[in-house]
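**Student:** sequence and predicted structure below; questions after.
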Amino acid sequence: MTADIEFTSETLDILKKERQTHPIPLVRRRLEALWLKSRGLPNNKIALLVGIYEGTLRDYFQLYQQSGVWGLKNLYFCFG
């Protein structure tokens, strides 16, 4: 499911900016993970760099695919 994640230029602009400037650390981490994915890094490397488990990374990807950047920024989203 996560192998074919697509990023629009608008999404890439948001990820590039807000991965460093968003006021909430969890959101910055989610955006950073997606930014690294957009750059072609493998999942194990992304998880290591961001400091999360690969399962959590897959959750981030699934959240993005279901809800876009809004889903990554929404702290009330429940996985399940």
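**Tutor:** Cool, the structure landed.
**Student:** which parts of this protein are helices?
**Tutor:** With helices called from DSSP state H, the chain shows them at 9-21, 25-38, 43-50, 54-73.
**Student:** tell me which of those helices sits most buried.
**Tutor:** Highest mean neighbour count among those (mean count of other Cβ atoms under 10 Å): helix 25-38, with a mean of 20. The way it works is simple: take the backbone N, C-alpha and C, and place the C-beta from them, glycine included.
**Student:** can you list contacts of that one?
**Tutor:** Contacting residues not belonging to helix 25-38 are listed as 2, 5, 7, 12, 14-16, 18-20, 22, 43, 45-46, 49-52, 57, 60-61, 63-64, 69, 72-73, 75 [Cβ atoms under 8 Å, 6 or more residues apart in numbering].
**Student:** can you rerun that using 6 Å?
**Tutor:** Defining contact as Cβ atoms under 6 Å, 6 or more residues apart in numbering, one finds that helix 25-38 is touched by 7, 12, 15, 18-19, 22, 46, 50, 57, 60, 64, 72-73.
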